[in-house]
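> With the input below, show me the fold.
(2 chains)
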Amino acid sequence: MKNLTKFMDSFGAILLAIIWIAPLLFAFWAATHSTSDAVNLNLFSPWTLENFRVAWNGAPWLKYFMNTFILVTVILAGQFFFTTLAGFAFAQLQFPGKDFVFILVLMQLFILPEVLIVENYAMVSRLGLFDTILGVGMPYMASAFGIFLMRQSFKGVPIELHEAARIEGCGLLGILWRVYVPLAKPTYLAYALVSVSTHWNNFLWPLIVTNSPETRPLTVGLSIFGAPENGVDISIISAATMMSVAPLLIAFLIFQRQFVQAFLRAGIK
Amino acid sequence: MSAHANLERRRQAIYGWLLLSPAAVLLTVFAFYPSIATMWSSLFSRGTRRKPTEFVGTENYTDLFADPTFWLVAKNNLFYAGVTIPVSIFIALSMALWANSKISARGFVRTAYFTPTVLPMIAAANLWLFFYTPGLGVLDQIGSLFGLPSVNWLGQPETALWAIIIVTIWKEAGFFMIFYLAALQTIPADLKEAADIEGTSRWTYTRRIVLPLLMPTTLFIAVNAMINSVKLIDHLFILTKGGPSDASKLILYYIWEMAFAFFDAPHAAAMTILVIAVLGIVAAVQFLYLDRRTHYQ
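Model (predicted):
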């Protein structure tokens, strides 16, 4: 009896896992076979890399990859800078108005940047940042979520270390840089993984703010490449899709444990 | 002594505001000001070359309430939320219970469940396109094995929203599983032992011990799923574009369309304010709940 339930458990779990991974496997299969073989699910048909070649020549992918790479780097650097300073102020300094401002920051957690697209678009245009990578990244840099995360992390630093550094003659910024930042390394790593995977995958805002191949990230490039007007067939779309998810997917498969831990650390408040 | 304390307090205040100001400036420019500007512009008419913008009060809102498409989109979004939230929570919980138990191939199972989370929604939509395409798609191929007729899943109003919902659930369930998995690992092993000694069935143990202990996680996930049901619309751009005849259109897509396809910013602004109001209610509920939890812990 016990063996039977255990078998049923494994069976159910593996069945669901196969269903869950199937879309990816089918896309991989379609990408590596000719279109007619792919749609007929002809299992013994020959493998080919032709779709990748056609897809690669169909759009400036290298440029898109570079744009996405620069975009996530710029956002991450900005987020580290802004959230470290603000998180430290909220965690370790006493000043009038602090609680009020902190509530304002918490409110921003629920006013999603996605919802404010119309006015943010007007703002980015006013600042002359339309169709620039900086314009895509700016609204995400002072992330309320990041400020909250850094504040929590800095609050956990023992006050003795702070005092000791001060007695040694370290200034406030020195203490932040030499004591708090090194101790918060795991939080930075977790935040980096979540931030990179979020912005690597972001679509709606980049779609609105970018208008040329010079600035377009991968997701927007992929959606334009696959648009029905372009008349590319399913195998080639699959090849393009596999290409654009490959870096993040491979990184995930290698650093799976860290990825999962990062999402956990970032999610638990 | 008190002079020194005073000096220290002043120093902290100056440093505090200095450190805060870069983030404060950005948040003002990209969150607070736009929120207020959205509210403001929702009260004005759309300016044309002949007619300049003028104050119209709540007219944009009454227009929306008189617009059948708005109600259809709101209804779609409620349905979208009403299905994706409970179903993805249920699947996430099952995944976590399985991934946490001693089954074979656990590593593969966990990876398979979590993988959709790291894919862009646009890529996910492309993968599913291959499933849904009539005639060629995998679903139709499987159906034809059993002699079922070809179905245009994305092209008919009855199934289009369902097709969208399935992609959303596929994308987010594995993400939510992680939170359950973490919570499951904090449940002390002696509870299971005690239940075994008492001869409790596995079902009773799950229902009476595990599920209540997972309640805070479930609420946290529910709030996230609610936010996702507003936010996750990228796949609409690939799969249906809100069609056919608005059957799968969701509110954020409609806002985008209103603002950037019909160039009607005032009505888009009015809709944005309504969405913010709903999100605000969700936030208030969560804060109240968190408040209660910290009191009784």
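
> okay, now the residue nearest to residue B:104 when sequence neighbours are not counted: neighbour count?
With CB to CB, 6 or more residues apart in numbering or on different chains as the criterion, residue B:104 has its nearest non-adjacent residue at 4.9 Å, and that residue is residue A:10. (C-beta placed from N, C-alpha, C; glycine too.) Burial of residue A:10 is recorded as 18 neighbouring residues (other CB atoms under 10 Å in any protein chain shown).

> can you tell me the helix or strand for residue A:10?
Here residue A:10, judged by DSSP states H and E, is contained in helix A:2-31.

> residues of that helix that come out buried?
Within helix A:2-31, the residues that qualify as buried are A:9-10, A:13-14, A:16-17, A:20-21, A:23-24, A:26-27, A:29-31, counting by 16 or more other CB atoms under 10 Å in any protein chain shown.

> Now for residue A:183, how many residues are close by?
Residue A:183: 15 neighbours (other CB under 10 Å).

> Quick check: the gap between it and chain B.
With distances taken as CB to the nearest CB, to the nearest Å, residue A:183 is found 18 Å from chain B.

> is it true that that residue touches residue A:157?
Yes: using CB atoms under 8 Å, residue A:183 makes contact with residue A:157 at a distance of 5.3 Å.

> picking that back up, quick one: contacts for the residue nearest to residue B:104?
When contacts are counted by CB atoms under 8 Å, 6 or more residues apart in numbering or on different chains, residue A:10 touches B:103-105.

> Of the residues you listed, which is the nearest to residue A:208?
Closest approach to residue A:208 among these (CB to CB): residue B:105, at 43.0 Å.

> Distance-wise, check that closest one relative to residue A:10.
Taking CB to CB, to the nearest Å as the measure, residue B:105 falls 7 Å from residue A:10.

> now do residue B:2
With CB to CB as the criterion, residue B:2 and residue A:10 are 71 Å apart.

> so residue B:232 touches residue B:171, yeah?
Yes: between residue B:232 and residue B:171 there is a contact under CB under 8 Å: 7.1 Å.

> got any residues that touch both of those two?
What both residue B:232 and residue B:171 touch, as defined by CB under 8 Å, 6+ apart, is the set residue B:121.

> continuing past the worst-scoring helix or strand of chain A on mean pLDDT, what's the next helix or strand?
One helix or strand of chain A scores below all others by mean pLDDT, DSSP states H and E: helix A:35-39, with a mean of 69. Next helix or strand after helix A:35-39 toward the C-terminus (DSSP H and E): helix A:50-58.

> do the helix or strand immediately after that next one in the chain and chain B meet?
Proceeding N to C from helix A:50-58, the next assigned helix or strand is helix A:61-92, under DSSP H and E. Yes: Helix A:61-92 is in contact with chain B by CB under 8 Å from any CB of the partner chain, via A:81-83, A:85-86, A:88-90.

> Let me see the mean pLDDT of helix A:61-92.
The pLDDT scores in helix A:61-92 average 93.

> pLDDT below threshold where in the stretch 101-250 of chain A?
Applying pLDDT under 70 to the stretch 101-250 of chain A picks out residues A:229-232.

> show me where the stretch 101-250 of chain A has helices.
Secondary structure of the stretch 101-250 of chain A (DSSP state H, counting those that start in this stretch): helices at A:117-126, A:133-141, A:144-155, A:159-167, A:172-175, A:181-183, A:185-201, A:204-209, A:218-225, A:234-254.

> what's the third one packed up against?
Taking 3 or more CB pairs under 8 Å, 6 or more residues apart in numbering or on different chains; DSSP states H and E as contact, the helices and strands that helix A:144-155 lies on are helix A:61-92, helix A:98-108, helix A:185-201.

> Look up how far chain A lies from residue B:3.
Residue B:3 sits 18 Å away from chain A, going by CB to the nearest CB.

> give me the number of residues near that residue?
That count, for residue B:3 with other CB under 10 Å as the rule, works out to 7.

> again, but for residue B:189
Other residues lying near residue B:189 total 7 when counted by other CB under 10 Å.

> ok, now residue A:213?
Neighbours of residue A:213 (other CB under 10 Å): 14.

> chain center to stretch B:224-239, what's the gap?
6 Å (CA atoms, centre = their mean, to the nearest Å).

> Any idea how far apart the tips of that stretch sit?
24 Å (CA to CA, to the nearest Å).

> Same check on stretch A:122-134?
Using CA to CA, one end of stretch A:122-134 lies 15 Å from the other.

> Which strands or helices does the helix or strand in which residue B:97 is found pack on?
Here residue B:97 sits within helix B:68-100, counting by DSSP H and E. Here helix B:68-100 touches helix A:2-31, helix B:106-114, helix B:157-185, helix B:215-231, helix B:251-260, going by 3+ CB pairs under 8 Å, 6+ apart.

> can you state the direction angle for the fourth one and helix B:251-260?
If I follow you right, that is helix B:215-231. Here the directions of helix B:215-231 and helix B:251-260 differ by 30 degrees (axes from the mean of the first three to the mean of the last three CA atoms, to 10 degrees).

> Would you mark the buried spots in helix B:215-231?
Here helix B:215-231 shows B:217-218, B:220-231 as buried, counting by 16+ other CB under 10 Å.

> and what of stretch B:203-218?
Of all the residues in stretch B:203-218, those buried under the rule 16+ other CB under 10 Å are B:205, B:209-210, B:214, B:217-218.

> Quick one: residues in contact with it.
Against stretch B:203-218 from outside (CB under 8 Å, 6+ apart): B:89, B:93, B:97, B:179-180, B:182-184, B:187, B:191-192, B:195, B:200, B:293.

> out of everything not next to it in sequence, what's closest to residue 95?
No chain was given, so I picked chain A. Residue A:95's closest residue in space is residue B:16 (CB to CB, 6+ apart), at 3.4 Å.

> Switch to chain B, please.
Spatial nearest neighbour of residue B:95, excluding adjacent residues (CB to CB, 6+ apart): residue B:177 at 4.2 Å.

> now swap in residue A:165 and tell me
residue A:175 (4.7 Å).

> now residue B:79
residue B:161 (6.7 Å).

> and if you look at residue A:21?
Take residue A:21 and drop its neighbours on the chain: the residue closest to it by CB to CB, 6+ apart is residue B:112, 4.2 Å away.

> separation between the one you found and residue A:5?
Per CB to CB, residue B:112 is found 22 Å from residue A:5.

> same check, this time on residue A:86
Residue A:86 is 52 Å from residue A:5, by CB to CB.

> do residue B:34 as well
For residue B:34, the distance to residue A:5 - CB to CB - is 55 Å.
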